[in-house]
Every structure is written in C-alpha cells, then in structure tokens.
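Pasting the sequence and the predicted coordinates here, then a few questions.
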Amino acid sequence: MHTPLIPALIVLLLIGLLGTVFLLSEDDGDQLVTIIYIGEEGDFGFLDSSFRGLQRAQEEFGFTIREIQIQKEPDSDPVMSPDGIRSDLVLILGGMMNEYAEEVQQQYPDTPIILIDAAEPVHGQNSRSVSFDMSGASYLAGILAANMTQTGVIGVIGVEDAPVIHSYTGGFVAGVYRDQPDIRVITTYLADDAAGYTMPEEAGVITRRMYDKGADLVFVVAGGSGSGAIRAAEALPGMHIIGVDADQSVLSPDTVVASVVKNLDEVVYHEVADVFRGSFSPGTARIGLEKGGTAIIVNPEFSYLKPFIESRYDEAVAMEADNSKNQS
C-alpha cells in the first residue's frame, strides 16, 4: 500500500513558505527555557520585571526555567543543560549581550533565540530581536525634570556611552530643553562597558558630586546601579531621582519622583508565549510609547504632576515617531 504523497508535499510546501519550523518537546515536563543575563536579580528594575514576565509564561505553559548569570558562568552551554536536556528556547536579556546572542544563534541554528532589549538586530532564521524606543517616555521625564528643578541644574547618570543608553538620554535632554532651554545638564557615565550595571557605590558617589555642583534632580539610567544613586539622594536635602526599568518609587517614595519604564513583564510574557503557541516569528520588533512598550510612571506621592505629564503625551509620541524616521 502506497503512502499518499499529497499531504507530505503540502507540509514541505508550508515549511518552504514559512521558513524554519521549531518543534518543542512533546512532554511538557521536558520543556526548558534558558534565560541568560548580566547583573543580579532583586534590582527592582530590568531583571525583576523580565523575570515576572517569564514566570507568568511558566505558569501557563509549565516549562522549566534554567538561569545562566553570564558573569558568573561564562562557559555554560546556552542550550544544553548539565543534565543533557536541550532548551526549547533561549531568552537573552540586554543589549550588551548582542555579540553573545549572535554566537549562540550560529552555534544552535535550530533553537529559537530571543534577545530582549537588543542594541542591534541578531541575524539568523532562528532569532528574534526586540528593542525599545525609550526616547518618548524619556522626553516626558525631561519635561517633568525641567518643571521641577529649583536650581536649574539637572544630572544624568548612564551605564555607558552606548546607543541603548542614548535612547534614554537623548529623549530626556530634548524634553528638558523643550521647556527650559537655559537649564544646565550634567551627564556622567559609570563605565566604558556593561560593568556600569553593577556599580551602585559609584552611582552614589556621582550623585553626591552632582549635588555639590548644584543639581537637585538626577535621571539615573543605570540598571542595578540605580539603587546606589537613590540611597545617596535620600541623604541630600532637596534632591530627587527619576529612575528607569520599573517603578522605583517603592525604594524611596520621598525621593523617586517618577520612573521611565519598559513594560518588560508584558513583552517577555508575550514573546515567550508565542514560542509555546507555535507562532514564533524571527526578525525584529521595536516598540515605544505609542505601542505601550514604554511608559512614565509618576510616583503617587507626586500625583499632582500626572495631569501635566499626560497633557504632553501626544507631543512625546510625535517626537518619538520623528526620531524613528530620522534613524531609519
């Protein structure tokens, strides 16, 4: 008896049209997601928010999570676990991991790779790069800062002088100067590389130095290092902080005025869920204020500022769109 050829041909044709097809482990108990990152959990920001999204997906799909903290385990296999279990998905966090993600996708072309907060697109039919346009939300933060400062001096602390940080700082400074062109903005970077994400003591030193130069508000784009800036600001009369990544007012309600956030929990959840629903789409995605990928959260203690910021939302969306056109 001959096996019908038509169904097989249809399957082959669909594979040819759709590109690479990734097959997940049939047994839910064997499904594994490896998450790879730099830094420490408990940052009240980027990592904690990302893990919330991953854990939400885990509750729904029942996979096992394997963690690799790359600065502590640089030689760990990104796909194969020590027990010989192959990952169904590798989730890599942070733009500083771009080169690493390229190496992983080349080494394991049959495993889906997702890079969250990509600095550059990762190439390969197994890869998806998700980046955030932070300029719009940061523009609103700059407007807020310009209308809060009493001294006319504002500080900016960045992890490093890199494009992924410029998306914040460029938008912020544009917002400051849009409302108060005579304000002085002092910008300092913590390091020449990703080490700046884990330097809270240095962030505190820089915050105090900026205060001594007259700054009464600092925009801190520094990952886990931001906690050091917040602690330092608590001891400086009249000093306020605008944080990033997640609502950081919980760390210091009297000091953190607002936070420019990536809605990482939502983004990570949906990206991982797409893989387990069979709708993984290689390529790139860039999301910002208009699509809900970013936002500015005003501390409830400063709720009187919220209507003013909301009144400038459309302006920020338009600025972000113009910025995107100029970069394309």
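Sure, I can see it. Numbering: from 1, shown residues only.

Which elements pack onto whichever strand or helix holds His270?
His270 belongs to helix 264-276 when assigned by DSSP states H and E. Other elements packing on helix 264-276 under the criterion 3 or more C-beta pairs under 8 Å, 6 or more residues apart in numbering; DSSP states H and E are helix 46-61, strand 89-93, strand 113-116, strand 127-132. Where C-beta positions appear, they are placed from N, C-alpha and C, glycine not excepted.

Same list (the ones you listed) but as JSON lines, adding distance to Val159.
Putting the helices and strands packed on helix 264-276 into JSON lines (distance: least, C-beta to C-beta, whole Å) gives the following:
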{"stretch": "helix 46-61", "distance to Val159": "11"}
{"stretch": "strand 89-93", "distance to Val159": "14"}
{"stretch": "strand 113-116", "distance to Val159": "16"}
{"stretch": "strand 127-132", "distance to Val159": "15"}
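
Show me where the stretch 151-300 of the chain has its strands.
For the stretch 151-300 of the chain, the strands defined by DSSP state E, counting those that start in this stretch cover 153-158, 184-189, 217-221, 240-245, 256-262, 283-287, 294-298.

what would these look like in JSON lines with mean pLDDT?
Formatted as JSON lines, the strands of the stretch 151-300 of the chain follow (pLDDT from 0 to 100):
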{"stretch": "strand 153-158", "mean pLDDT": "99"}
{"stretch": "strand 184-189", "mean pLDDT": "98"}
{"stretch": "strand 217-221", "mean pLDDT": "98"}
{"stretch": "strand 240-245", "mean pLDDT": "95"}
{"stretch": "strand 256-262", "mean pLDDT": "96"}
{"stretch": "strand 283-287", "mean pLDDT": "95"}
{"stretch": "strand 294-298", "mean pLDDT": "97"}
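
Alpha carbons of the helix holding His270, as PDB, please.
Extracted in PDB, the C-alpha atoms of helix 264-276 (Å, rounded to 0.1, in the frame of the first residue of the first chain):
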ATOM      1  CA  LEU A 264       9.300  44.200  30.200                       C
ATOM      2  CA  ASP A 265       7.000  41.800  32.000                       C
ATOM      3  CA  GLU A 266       4.300  42.100  29.300                       C
ATOM      4  CA  VAL A 267       6.800  42.000  26.400                       C
ATOM      5  CA  VAL A 268       8.700  38.900  27.800                       C
ATOM      6  CA  TYR A 269       5.500  37.100  28.500                       C
ATOM      7  CA  HIS A 270       4.100  37.600  25.000                       C
ATOM      8  CA  GLU A 271       7.400  36.800  23.300                       C
ATOM      9  CA  VAL A 272       7.800  33.500  25.200                       C
ATOM     10  CA  ALA A 273       4.100  32.600  24.900                       C
ATOM     11  CA  ASP A 274       4.400  33.000  21.100                       C
ATOM     12  CA  VAL A 275       7.100  30.300  21.000                       C
ATOM     13  CA  PHE A 276       5.000  27.800  23.000                       C
END
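
And the average pLDDT for it is what?
Averaged across helix 264-276, pLDDT comes to 96.

Stretch 75-90 too?
96.

Which one of the helices and strands packed on helix 264-276 lies nearest to Val205?
helix 46-61 (21.9 Å; C-beta to C-beta).

Thank you, goodbye.
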